[in-house]
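Enquirer: would you be able to build a 3D model of this:
(one chain, ligands or ions: 2)
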Amino acid sequence: MFGCGYLGATHAACMAELGHHVLGVETDAHKLAALRSGQVPFHEPGLPDLLRRGLDSGLLRFTDDYCEAAQFADLHFIAVGTPQKKGEYAADLSHVHSVIDRLAPHLSGRHLLIGKSTVPVGTAADLLVRANAQVDDGHIDVVWNPEFLREGHAIDDTLSPDRIVVGGAAQSCERVAEIYAPILAAGTPLLVTDLPTAELVKVAANSFLATKISFINAISEVCEAAGADVSLLADAIGHDGRIGRRFLNAGLGFGGGCLPKDIRAFMARAGELGADQALTFLREVDSINMRRRTAMVELVSTSCGGDLLGANIAVLGAAFKPDSDDVRDSPALNVAGQLQLRGAAVTVYDPCAMANSRRLFPTLSYAQSVQEACAGADAVLVATEWSQFVEIDPDDLSPIVRRRVVIDGRRCLPGDRWHAAGWVYRALGGTPVRHANTPKSPEPPHFLRDHDVRLDDHVGVVPTLA
Ligand SMILES: NC(=O)c1ccc[n+]([C@@H]2O[C@H](COP(=O)([O-])OP(=O)(O)OC[C@H]3O[C@@H](n4cnc5c(N)ncnc54)[C@H](O)[C@@H]3O)[C@@H](O)[C@H]2O)c1
Ligand SMILES: O=c1ccn([C@@H]2O[C@H](COP(=O)(O)OP(=O)(O)O[C@H]3O[C@H](CO)[C@@H](O)[C@H](O)[C@H]3O)[C@@H](O)[C@H]2O)c(=O)[nH]1
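Expert: Ligands and ions are numbered 1, 2, ... in the order given. Sure thing, here's the model as predicted:
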């Protein structure tokens, strides 16, 4: 397994769980040392137990030695990163190329490279040529076996996936199917395709998911303008089996190490293939998504009377989603950074992502707890829907904040409850309906403008922005 990050370490441990002998190859010395000693160098529920089980059984080991890897196996998974190139939309394939260039010269006999990284269509065919050009004696085949796991659910998604896709020559695909035999025996569908189809399945799936999120966020903008509630709307359209409720949660939009860079790399590759017109809608998907972040900054600013200078803002959440410590392209940290640039004093708290956040945004202030982050706050922004934030009792925060204003960046809080506790509750996309018998809130903080709508201004559906 080449590359032992979020994908590779999970896949390595899961393959050992299936009974295979696995050697993880990782070039980052800190990650390698951690994995060797049974520590997972990132947060993924359930993975530490699986890793230790693999190490204890002797089925799983880790190295940085390519020579050892070449001798150890004839099946080689590629799980290294394919980040966005600096200043471009295209994917940076240098890590994938470095695996081939370091491995192929050590190989002899027949070997199979199994690509799991997300790559632009056409990459596998190029790698086939690149790898075989470096082998003296033997043949290397390449198949693509895209991965669909979600961080936070990585083990279940690997051991009980919705489907397994393998693209390439029939005989090589059969060898991959053998690896997954116990999973396939449990009823998981197997789809065997050609190489370009397998590569495209992955980016098409992520593009669809990103489109679904941006669709609901675009509708959310209209809901705000019309005084409607996007969460109720999503429930209502989601009942249609053709639409489905999943991935229709409006809010701060998508981030992370996959959806944003994958839709951009897809657009770049389509352009290279002369099919750029086909994906112009993804530009809009991207820009709707980025607009959520600026709209959130505006909502916080409005909630602080239109001027962030000198305001204390607590940002709860830094990871791009709950149950992960991943802060790559995190909407929460992006908004925190923008608020700080606008003159606010921003204090961030996240249950898991503090170390990664400090590395990426060293100039923000960080707290050790929700209470510490919220002390003296003029507004509390919930930017990642960790369950511990969803369950906050507003009465616990009321005595310590400067102003009782909560902004629900993920439409995940019980707005009625916050309102009943005397807080001004606001969210992008219309404020969720409250019951007619909800008690009236006290006077709003003096800096709220007259036209800002409060929960007790209406019974029923209420917009958040005038
Ligand atoms: N993270 C996910 O949930 C997920 C899910 C599906 C697909 N993917 C795709 O999988 C790939 C990996 O993503 P990730 O999130 O695990 O990235 P990551 O950055 O967490 O992990 C990549 C690892 O590869 C290591 N590496 C780089 N060059 C190497 C080399 N030459 N030899 C050995 N190790 C090397 C890095 O040190 C790093 O630990 C990407 O293409 C991504 O799009 C990720
Ligand atoms: O209704 C929703 C659902 C998600 N999100 C956001 O979208 C982002 C991505 O979420 P999710 O897809 O759950 O996380 P990832 O772990 O990045 O997984 C995606 O990216 C992986 C890497 O390619 C794929 O393997 C997965 O199938 C695909 O879901 C996060 O910021 C979420 O907060 C929303 O805003 N609204």
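Enquirer: which residues of the stretch 251-400 of the chain lie near ligand 2?
Expert: 251, 253-256, 258-259, 262, 320-321 (CB under 6 Å from any ligand atom). Quick note: C-beta positions are derived from backbone N, CA and C, even for glycine.
Enquirer: include pLDDT when you put these into CSV, please.
Expert: What follows is these, written out as CSV (pLDDT from 0 to 100):
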residue, pLDDT
251, 97
253, 98
254, 98
255, 98
256, 98
258, 98
259, 98
262, 98
320, 98
321, 97
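Enquirer: greatest separation within those: which pair is it?
Expert: Farthest-apart pair in these is 251 and 262; separation 20.1 Å (CB to CB).
Enquirer: ok, now how distant is residue 280 from ligand 1?
Expert: 23 Å (CB to the nearest ligand atom, to the nearest Å).
Enquirer: I figured residue 419 hits residue 425, correct?
Expert: Yes: at 5.2 Å, residue 419 and residue 425 qualify as touching, with contact defined as CB atoms under 8 Å.
Enquirer: for residue 90, which residues are in contact?
Expert: Residue 90 sits next to 84, 120, 264-265, 268-269 when contact means CB atoms under 8 Å, 6 or more residues apart in numbering.
Enquirer: let me know the pLDDT of it.
Expert: For residue 90, the pLDDT comes out at 98.
Enquirer: how near is it to ligand 2?
Expert: 17 Å.
Enquirer: check residue 205 too.
Expert: The value you get for residue 205 to ligand 2, if CB to the nearest ligand atom is used, is 6 Å.
Enquirer: surely that residue meets residue 148?
Expert: Yes: applying CB under 8 Å as the test, residue 205 and residue 148 come out as touching, 6.5 Å apart.
Enquirer: residue 323 contacts residue 155, correct?
Expert: No: using CB under 8 Å, residue 323 is not in contact with residue 155; the gap is 11.7 Å.
Enquirer: would you list every one of the helices in the stretch 51-200 of the chain?
Expert: In the stretch 51-200 of the chain, the helices defined using DSSP state H, counting those that start in this stretch lie at 66-72, 94-103, 123-132, 154-159, 170-179, 181-185, 195-226.
Enquirer: actually the stretch 251-400 of the chain, not the one I typed
Expert: Assigned helices in the stretch 251-400 of the chain, in chain order: 259-272, 280-303, 331-341, 354-360, 370-374, 387-390, 394-397 (criterion: DSSP H, counting those that start in this stretch).
Enquirer: among these, show me which one is buried the most.
Expert: Burial of the helices of the stretch 251-400 of the chain is given as mean neighbour count (mean count of other CB atoms under 10 Å); helix 331-341 ranks first at a mean of 23.
Enquirer: and the residue of the stretch 201-350 of the chain found nearest ligand 1, what does it touch?
Expert: Scanning the stretch 201-350 of the chain for proximity to ligand 1 using CB to the nearest ligand atom identifies residue 257 as nearest, at 4.7 Å. Residue 257 is in contact with 6, 81, 83, 320, 326, 328-329, counting by CB under 8 Å, 6+ apart.
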